[in-house]
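Asks: Give me the fold of what follows.
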Amino acid sequence: MSRNAHTSTPINPVLAARWSPRSFDTTATLTPADLTPAFEAARWAPSANNSQPWRFIVGFRGDDTFNAILPTLAGWNSAWMPNASAIVVGVTQTAGADGTPNPYAIYDLGQAVAHFSVQAQTDGLYVHQVAGTDTAALKEIFNLPAGYEAFLTIAVGKLAPADLLPEALAERENAPRVRHELTEIVRYDAFED
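Replies: Okay, the predicted model is just below:
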């Protein structure tokens, strides 16, 4: 079954092909060099006042960093994320050294992760971002400085068949992709009461 998005108008083929699988090839390995283009894309994401508040902690399957991240995964995520070739922790600087809050830090991290995801997809890798992670534990485990917060984890790897997942997850993996219609998310006037 094709996982390409059924769009109302043509879009960039990489964006149409991008989706968030849970089934990763446990035999595929990645190196820092494999992820460098995706991190370079993230580096060039826009940010408020060019603050570039994002940081990334990377673990490769089997290394100490990867293994330190695994116990922080919540619920279903702990069933499939260990199969990814890498897990990336998305960190953002929510406050400056003087304690001044950066209200755009999470948005900026999201921009960087979006750039990362599109470049990874371009390079034949799949990315699945999850919020189901104990971010307080990640902050402690990785000794994040004051003003920095772990926000999400990102599985990266090569695709594997969905039937390798537990049945309930395989069903979700094979379910049709759905999105709100453009008419639901784009307005050209004020919201009605």
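Asks: mind listing the helices for the chain?
Replies: In the chain, the segments counted as helices under DSSP state H are 13-17, 32-43, 64-69, 77-80, 105-122, 135-141, 167-174, 182-185.
Asks: In TSV: the ones you listed, plus distance to Gly96.
Replies: (Glycine included, C-beta is placed from N, CA and C.) Output for the helices of the chain, formatted as TSV (distance: least, C-beta to C-beta, whole Å):
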stretch	distance to Gly96
helix 13-17	34
helix 32-43	20
helix 64-69	27
helix 77-80	31
helix 105-122	10
helix 135-141	17
helix 167-174	40
helix 182-185	33
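Asks: Next, count neighbours for the residue lying closest to Gly90 once chain neighbours are set aside.
Replies: Residue nearest to Gly90 in three dimensions, not counting chain neighbours: Leu152, with 4.7 Å by C-beta to C-beta, 6 or more residues apart in numbering. Using other C-beta atoms under 10 Å, Leu152 has 20 neighbouring residues.
Asks: pLDDT weak spots in this structure?
Replies: Applying pLDDT under 70 to the chain picks out residues 1-2.
Asks: distance of the residue nearest to Gly90 from Asn77?
Replies: 11 Å (C-beta to C-beta, to the nearest Å).
Asks: what residues do these two have in common as contacts?
Replies: 130, 133 (C-beta atoms under 8 Å, 6 or more residues apart in numbering).
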